[in-house]
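A.B. asks: predicted model, plus sequence, below.
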Amino acid sequence: MKLVRAHISLEGSPVSIQLRFPDTLLFVINLFRRLAQLALFVLVVNLLAYWTYQHFVNSAKEQRVEFYSRLESLNEKIDSIDVKISQSYSNEDLLYAKFGLAPPDTNVRKMGLGGHLSPDSTLIWSTIPIKKLKTSVAERYSRVEAKIDRSNNSYLKLQSFIESLHGNLQHTPSVMPAVGFLSSPFGVRTHPVTGEADKMHMGMDISGPKWTPIYATANGRVETVTNSESLGRYVAIDHGNGIVTRYGHMTMPFAKEGQMVSRYDVIGYMGSTGRSTGNHVHYEVWVNGVAVNPIYYILPDKYSVE
């Protein structure tokens, strides 16, 4: 057996100690020291790993709580939006009713979602509530989004109808052609010039001073600017949809044939040309080739469409 000799002395002291021990003991001591260092290293690594694990676990828990809270908040907002959409349906129905349109199908508005739920999904939802909440929020969001798209399309359809209606109203006579007083209504009368009895008066007469402006009563295209024995100088306007208006006895027409005019555009001036007993405008409204009472096409100013 090999022995290892060690000489130990204290500095400044004459006393010394000599030791002898087997070299295997030195090997065991070195081995023990290395094992102790390794154990200490493993302990430090485990402590660091545990601390890191706890840090991420706690962070994940906080994030999960925050995420769950945000999902609940989002769910409440979806509830609020859904209620507002449902409340808007009554306004939508009212608009459709005002314009004589059939309201949208109420079954389409519900847009229900659902179906068979698999056992796996049921198990996951029962063990992970946040998964169930997330799925519910996603489905409700999709449903609300679909409702919004449906309502948007519905209002676009209503807007298109209103614009079309507004265009028709712009081309429908609805105002007086001049400022003055009604001197002769539409209907049967004795002709003031010829004296003929039971003579049909195809329009209405509005009297006023000479050179009183005469206005187009709706949008349209000037069809005729001419002179006749009965109406004198007159203007005819084609408004589309089978509606034509005529303005007679002008002292001077102002519009030109083919000209596009809008409601309240000056088309001439009041006079007494043709068969007339005084300054006035003879105003006619024709619908699909038939003369109708113009009084039915005169509305109060606040109801006329600009």
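C.D. replies: Great, that's in hand. Quick caveat, the model's predicted, so the values are computed rather than measured.
A.B. asks: now the biggest helix by length in the chain: average pLDDT?
C.D. replies: Counting residues, the longest helix in the chain under DSSP state H turns out to be helix 23-98. Helix 23-98 comes out with an average pLDDT of 83.
A.B. asks: for stretch 202-214, same thing?
C.D. replies: In the prediction, stretch 202-214 has an average pLDDT of 96.
A.B. asks: and stretch 235-242, by the same measure?
C.D. replies: 95.
A.B. asks: before we move on, back to that, so what's the gap between the longest helix of the chain and the chain middle?
C.D. replies: Remark: helix 23-98 is offset 40 Å from the chain centroid, using CA atoms, centre = their mean, to the nearest Å.
A.B. asks: helices or strands next to it in the packing?
C.D. replies: Secondary structure elements in contact with helix 23-98, counted by 3 or more CB pairs under 8 Å, 6 or more residues apart in numbering; DSSP states H and E, are strand 3-9, helix 129-170. The C-beta positions use only the backbone N, C-alpha and C, and glycine is treated the same way.
A.B. asks: ranking the ones you listed by burial, who's on top?
C.D. replies: Of all these, helix 129-170 has the most neighbours on average by mean count of other CB atoms under 10 Å, namely a mean of 14.
A.B. asks: now do it and helix 23-98, the angle between them.
C.D. replies: Interaxial angle of helix 129-170 relative to helix 23-98 (axes from the mean of the first three to the mean of the last three CA atoms, to 10 degrees): 30 degrees.
A.B. asks: coming back round to it: looking at the helices and strands packed on helix 23-98, spot the one closest to residue 34.
C.D. replies: Counting by CB to CB, residue 34 lies closest to strand 3-9 out of those; the figure is 18.4 Å.
A.B. asks: which other helices and strands contact the top strand by length along the chain?
C.D. replies: In the chain, taking DSSP state E as the definition, the longest strand is strand 243-253. Applying 3+ CB pairs under 8 Å, 6+ apart, we find strand 243-253 packed against strand 220-228, strand 232-240, strand 266-270, strand 280-287.
A.B. asks: what is the rounded mean pLDDT of the third one?
C.D. replies: This points to strand 266-270. Rounded mean pLDDT across strand 266-270 is 97.
A.B. asks: count of neighbours near residue 172?
C.D. replies: Other residues lying near residue 172 total 22 when counted by other CB atoms under 10 Å.
A.B. asks: tell me which element it falls in.
C.D. replies: Assigned by DSSP states H and E, residue 172 belongs to no helix or strand.
A.B. asks: and the nearest residue to it once chain neighbours are set aside, backbone torsions?
C.D. replies: Sequence neighbours aside, residue 218 is the residue nearest to residue 172 in space, at 5.6 Å (criterion: CB to CB, 6 or more residues apart in numbering). Backbone torsions for residue 218, taken as degrees, to the nearest 10, come to phi -170, psi 170.
A.B. asks: let me see the contact set for residue 218.
C.D. replies: 170-174, 237, 239, 243, 245, 263 (CB atoms under 8 Å, 6 or more residues apart in numbering).
A.B. asks: quick check, nearest of the residues you listed to residue 208?
C.D. replies: When the contacts of residue 218 are compared against residue 208 (criterion: CB to CB), the nearest one is residue 245, at 17.9 Å.
A.B. asks: settle this for me: the closest one is touching residue 286, isn't it.
C.D. replies: Yes. Between residue 245 and residue 286 there is a contact under CB atoms under 8 Å: 7.4 Å.
A.B. asks: higher neighbour count, these two?
C.D. replies: More neighbours surround residue 245 than the other of residue 245 and residue 286, with 24 against 19 (other CB under 10 Å).
A.B. asks: report the contact partners of that one.
C.D. replies: 173, 177, 216-218, 220, 236-237, 239, 283-286.
A.B. asks: tell me which of those residues is nearest to residue 136?
C.D. replies: So of the contacts of residue 245, ranked by how close each gets to residue 136 (CB to CB), first place is residue 218, at 56.3 Å.
A.B. asks: state the pLDDT value of the closest one.
C.D. replies: 94.
A.B. asks: give me the element residue 200 is part of.
C.D. replies: Under the assignment here (DSSP H and E), residue 200 is part of strand 199-201.
A.B. asks: same for that strand, what does it pack against?
C.D. replies: By 3+ CB pairs under 8 Å, 6+ apart, strand 199-201 packs against strand 187-189.
A.B. asks: so which elements touch the strand it packs on?
C.D. replies: strand 199-201.
A.B. asks: put the alpha carbons of stretch 233-252 into PDB.
C.D. replies: Only the C-alpha atoms of stretch 233-252 are listed here, as PDB (Å, rounded to 0.1, in the frame of the first residue of the first chain):
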ATOM      1  CA  ARG A 233     -96.600  81.800 -76.300                       C
ATOM      2  CA  TYR A 234     -96.300  78.600 -74.100                       C
ATOM      3  CA  VAL A 235     -93.700  76.100 -72.900                       C
ATOM      4  CA  ALA A 236     -94.200  72.400 -72.400                       C
ATOM      5  CA  ILE A 237     -91.900  70.400 -70.100                       C
ATOM      6  CA  ASP A 238     -91.500  66.600 -70.200                       C
ATOM      7  CA  HIS A 239     -90.800  65.400 -66.600                       C
ATOM      8  CA  GLY A 240     -90.600  61.700 -67.400                       C
ATOM      9  CA  ASN A 241     -92.800  58.900 -66.100                       C
ATOM     10  CA  GLY A 242     -95.600  60.100 -68.500                       C
ATOM     11  CA  ILE A 243     -95.900  63.500 -66.800                       C
ATOM     12  CA  VAL A 244     -96.000  66.700 -69.000                       C
ATOM     13  CA  THR A 245     -96.700  70.300 -67.800                       C
ATOM     14  CA  ARG A 246     -97.700  73.300 -70.000                       C
ATOM     15  CA  TYR A 247     -97.500  77.000 -69.200                       C
ATOM     16  CA  GLY A 248     -99.500  79.300 -71.500                       C
ATOM     17  CA  HIS A 249    -100.100  83.000 -72.300                       C
ATOM     18  CA  MET A 250     -96.500  84.000 -71.600                       C
ATOM     19  CA  THR A 251     -95.400  87.500 -72.600                       C
ATOM     20  CA  MET A 252     -92.000  86.000 -73.300                       C
END
